[in-house]
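Q: sequence plus the predicted model coming up.
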Amino acid sequence: MEKEILFGAAYYPEYMPYERVKEDIRMMKEAGMNVVRIAESTWSTLEPEDGVFDFSYIDQVIEEAGKAGMKVIIGTPTYAVPSWLCRKDPGVLVETGQGESYYGRRQIFNLLNPTFRCHAERVIRKLAEHTAGAGPVIGFQIDNETKHYGNMGREIQAAFRKAMEEKFQTTENLNKAFGLAYWSNSIHNWEDFPDMRGCINGGLASEFSAFQRKMAADYLMWQADLIREYKREDQFITHNLDFEWKKFGADIAQDGYSYGVQPDINHYEAAKALTLAGTDIYHPTQDDLTGAETAFGGDSVRSLKDSGYLVLECQAQAFKYWTPYPGQLRLQAYSHLASGAIGTLYWNWHSIHSGYETYWRGVLSHDLDTNPVYEEAAVIGKEWSKLGEKINGLQKKNEIALVIDNHSMSALNWFPIDKDLSYNDVVRWMYDSLYEMNLECDVVDVRALDPSRYRMIVTPTLYSVPEEMLKKLETFVRKGGVLVSSFRSFVADEYLRVYHDKAPHILHECFGMSYNQFTEPGRTRLKGKEVRYFAELLKMEGAESMADYEHKYWGRYAGMTHHTFGEGHAYYMGCWTCKETLKELYRKAAKSAGIFCPELAWPVTVRSGVNREGKQIHYLLHYSEEEQEILCPYDNAVDLLTGKSYRKGEPICLSDWDVKILEEA
């Protein structure tokens, strides 16, 4: 792991209106930047014709970066294919449920196409061979924001059929697993296995979605194996895992921000190809900056390798509604470090003067001159250079796990909770409530969950769960753990067959309640607050009702419950309601788990960990333009940014969008 914090930007000199590599490197160096990421989207520049290679601009960047003492990350250029390759074999372009693709956009290739694989391997090998020996090159980014791209072409259809035959052995086993007798969908000969584009069985369709995600993860492993043949021992392999893109407007094609489980690749599977986890995190800014997107992304990616991670892309200014207020760029940068990042790179260094992303502005605006964003970046660079190892690679040991699951997400696409409430909406509701309470957590894939590492486990809408995991959760509670679960959890098995006994399956004794009806809430309220979207009618079987529904007919049922089970506790939220009510449940659950619940709450966010010197570090991140005074919660601490010391109970003044980094003495 790098000793100094990595700070820089994606850099594309081939997009520039004129040659200025030396000037750009000079400006980056003056801003305290020490790394650039290059090459990941420029296949047609590196290989303008089939078999003709030109690495001159890469050589120039590496040379100038080396002279300035800067580092370089090389990206494999495979996520944007050249037109000559598509002319050579139109099958390179992905075929989706909507039909064939047409050349132009990025990420429209069929990652199983033999022609694509052959030429991708060639350019990767040529690039790695050419650059791996260069001193400034510290690592490789394989591909870019990889997903399956809706692939439903003949290669993936054939591969899926083969995988199902290997997994189930007989068509009878397949039919039974997914209940294919419904609507005459059962098959009795493997040659009759249907094209998945017409599938109406949610279980089989979700199995295919999982297979699509696995093919994307396998593709990254394939690239990583190629890079490993060339890279030095000290060079890392990373990838910029991204999240679901949440839309908040329709006037610009790129409108939105990063949040929630990525539906088109599984991060847990993909991370197996990497030596260093990486991510792209884009978030609202200005009055909508909360830090929640940054925290969720960091807590997710950090948990994949249980170590530091690299933010390969985040915004500098980009769109009109992302132009940061003074202080926000710095606050965002420290927010990444507070989650355990080892560095941050902006997308991108310079605004592009033509093309699809012309108005996704970089650190430099279109005039390529200094500006307030560049000047604030220079403040960050200076501080990070000075603080170095004291704040780099923060180690975190959280006591709460929030469990996520791609398969449950796929299931709820078929069997929605409500037309206006998605799986990721529930994830966000449950994560943000923890975040706003300063209850830090790891965001963990269900298959990676080790309950013994945590005191408290939170499961947002864990719809599809194998019995083995249910028994593991039951044991966790019985032995003293605290489980907090939401509605639509533990409903079906891994093939989306709804369990045919008391709900929640296996865990009804653990929760001390059951239900066999759910409803549209209508006028229903809980603790005086509105209930929306969905409500399970919970019947007490030993649990205590923390709140009954307020409704003429549903008032005989509970909406949230608590049960002591064995040595532990199980809490259940049977409906969607306001975050304040959920937070009340969290406070009691945290107390049951013996987890300290801070008095400080958002907009003052506290993120803690241990630095490389073994010192306890606390980030105070102030997400507000209103000045605020808080009392120091630690016995003796010093602010690493200012050198000022504080004793417990002494006032700490936080200005707008402020950052304090307190090191305990």
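A: Alright, I've got the coordinates.
Q: quick one: the strands in the stretch 351-500 of the chain, in order.
A: Using DSSP state E, counting those that start in this stretch, the strands assigned to the stretch 351-500 of the chain run over residues 400-404, 442-445, 456-459, 482-486.
Q: now do the stretch 1-150 of the chain
A: 6-10, 35-38, 71-75, 95-96, 99-100, 137-141.
Q: now render those strands as TSV, adding distance to residue 515, mean neighbour count and mean pLDDT.
A: Just so you know, the C-beta spots here come from the backbone N, C-alpha and C atoms, and that holds for glycine as well. Putting the strands of the stretch 1-150 of the chain into TSV (distance: least, C-beta to C-beta, whole Å; neighbours: other C-beta atoms under 10 Å; pLDDT from 0 to 100) gives the following:
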stretch	distance to residue 515	mean neighbour count	mean pLDDT
strand 6-10	50	24	98
strand 35-38	51	26	98
strand 71-75	50	25	98
strand 95-96	39	20	94
strand 99-100	43	10	90
strand 137-141	47	24	98
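Q: for this structure, which helix or strand comes out least confident on mean pLDDT?
A: Between all helices and strands in the chain, the lowest mean by mean pLDDT, DSSP states H and E belongs to strand 245-246, at a mean of 84.
Q: can you list the strands that it pairs with?
A: Sheet pairing here is set by DSSP bridges, and for strand 245-246 it gives strand 257-258 (antiparallel).
Q: quick check: mean pLDDT of the strand it pairs with?
A: Per-residue pLDDT values over strand 257-258 give a mean of 90.
Q: can you name the next helix or strand after that strand?
A: Using DSSP states H and E, the helix or strand that directly follows strand 257-258 along the chain is helix 267-270.
Q: and the nearest residue to residue 61 once chain neighbours are set aside, how far is that from residue 83?
A: If the residues on either side of it in the chain are set aside, residue 61 comes closest to residue 38, at 5.5 Å by C-beta to C-beta, 6 or more residues apart in numbering. Using C-beta to C-beta, to the nearest Å, one gets 22 Å for the distance from residue 38 to residue 83.
Q: what separates the helix or strand hosting residue 533 from the chain centre, distance-wise?
A: With elements taken from DSSP H and E, the one containing residue 533 is strand 532-536. Relative to the centre of its chain, strand 532-536 is centred 27 Å away, using C-alpha atoms, centre = their mean, to the nearest Å.
Q: list the contacts for the residue nearest to residue 61?
A: Residue 38 makes contacts with 10-12, 58, 61, 72-75, as judged by C-beta atoms under 8 Å, 6 or more residues apart in numbering.
Q: for it, list each beta-bridge partner.
A: On the basis of DSSP bridges, residue 38 is bridged to residue 74.
Q: ok, residue 343 next?
A: The residues paired with residue 343 through beta bridges, assigned by DSSP bridges, are residue 6, residue 310.
Q: shaky segments in the stretch 251-400 of the chain?
A: In the predicted model of the stretch 251-400 of the chain, residues 251-255 satisfy pLDDT under 70.
Q: repeat for the chain
A: Screening the chain residue by residue with the criterion pLDDT under 70, one finds the ranges 1-2, 247-255.
Q: change it to 80
A: Per-residue confidence for the chain (pLDDT under 80) gives these ranges: 1-3, 246-255.
Q: Provide a list of residues in contact with the closest residue to residue 212 other than its chain neighbours.
A: In space, residue 212 comes closest to residue 148 once its chain neighbours are excluded; the distance is 4.0 Å by C-beta to C-beta, 6+ apart. Residues in contact with residue 148, defined by C-beta under 8 Å, 6+ apart, are 111, 212-213, 215-216, 264-265.
Q: now those residues as TSV including distance to residue 411 and neighbour count?
A: Compiled in TSV, those are given as follows (distance: C-beta to C-beta, whole Å; neighbours: other C-beta atoms under 10 Å):
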residue	distance to residue 411	neighbour count
111	25	26
212	15	23
213	14	24
215	20	19
216	19	22
264	16	19
265	17	25
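Q: in helices, which of those fall?
A: Counting by DSSP state H, the part of those found in helices is 212-213, 215-216.
Q: could you single out the nearest of these to residue 144?
A: Minimum distance to residue 144 across the ones in helices among the contacts of residue 148 is 12.3 Å, recorded for residue 216 (C-beta to C-beta).
Q: from what I can see that closest one touches residue 265, true?
A: Yes - under the criterion of C-beta atoms under 8 Å, residue 216 makes contact with residue 265 at 4.4 Å.
Q: now do the shared contacts for the two.
A: Taking C-beta under 8 Å, 6+ apart as the contact rule, the neighbours common to residue 216 and residue 265 are 146-148.
Q: of the residues you listed, closest to residue 613?
A: Nearest to residue 613 among these, counting by C-beta to C-beta, is residue 146 at 36.5 Å.
Q: now that closest one: how far from residue 219?
A: The gap separating residue 146 from residue 219 is 7 Å, by C-beta to C-beta.
Q: which residues do the two both contact?
A: residue 111.
Q: dump the shared contacts of residue 216 and residue 265 to a markdown table, plus distance to residue 560.
A: Converted to a markdown table, those look like this (distance: C-beta to C-beta, whole Å):
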| residue | distance to residue 560 |
| --- | --- |
| 146 | 40 |
| 147 | 37 |
| 148 | 38 |
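Q: just name the closest of those to residue 241, please.
A: When those are compared for distance to residue 241 (C-beta to C-beta), residue 146 wins out at 8.4 Å.
Q: give the contact list for the closest one.
A: Contact partners of residue 146, counting by C-beta under 8 Å, 6+ apart, are 79, 111, 216, 219-220, 239, 265, 270.
Q: one more pass at 7 Å, please.
A: Contacts for residue 146 (C-beta atoms under 7 Å, 6 or more residues apart in numbering) come out as 79, 216, 219-220, 239, 265.
Q: and these, which two are the farthest apart?
A: Based on C-beta to C-beta, the longest span within the contacts of residue 146 runs between 79 and 265 and measures 12.5 Å.
Q: quick one: the helices in the stretch 201-350 of the chain?
A: Per DSSP state H, counting those that start in this stretch, the stretch 201-350 of the chain has helices spanning 202-228, 267-270, 292-305, 328-338. These are given in chain order.
Q: how about these in JSON lines, adding distance to residue 607?
A: Conversion of the helices of the stretch 201-350 of the chain to JSON lines gives the following (distance: least, C-beta to C-beta, whole Å):
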{"stretch": "helix 202-228", "distance to residue 607": "29"}
{"stretch": "helix 267-270", "distance to residue 607": "21"}
{"stretch": "helix 292-305", "distance to residue 607": "7"}
{"stretch": "helix 328-338", "distance to residue 607": "4"}
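Q: those helices: which one's closest to residue 520?
A: Taking C-beta to C-beta as the measure, the helices of the stretch 201-350 of the chain were each checked against residue 520, and helix 202-228 came out nearest at 21.2 Å.
Q: assign a three-state SS to residue 621, would you?
A: With DSSP: H, G, I helix; E, B strand; the rest coil as the basis, residue 621 sits in strand.
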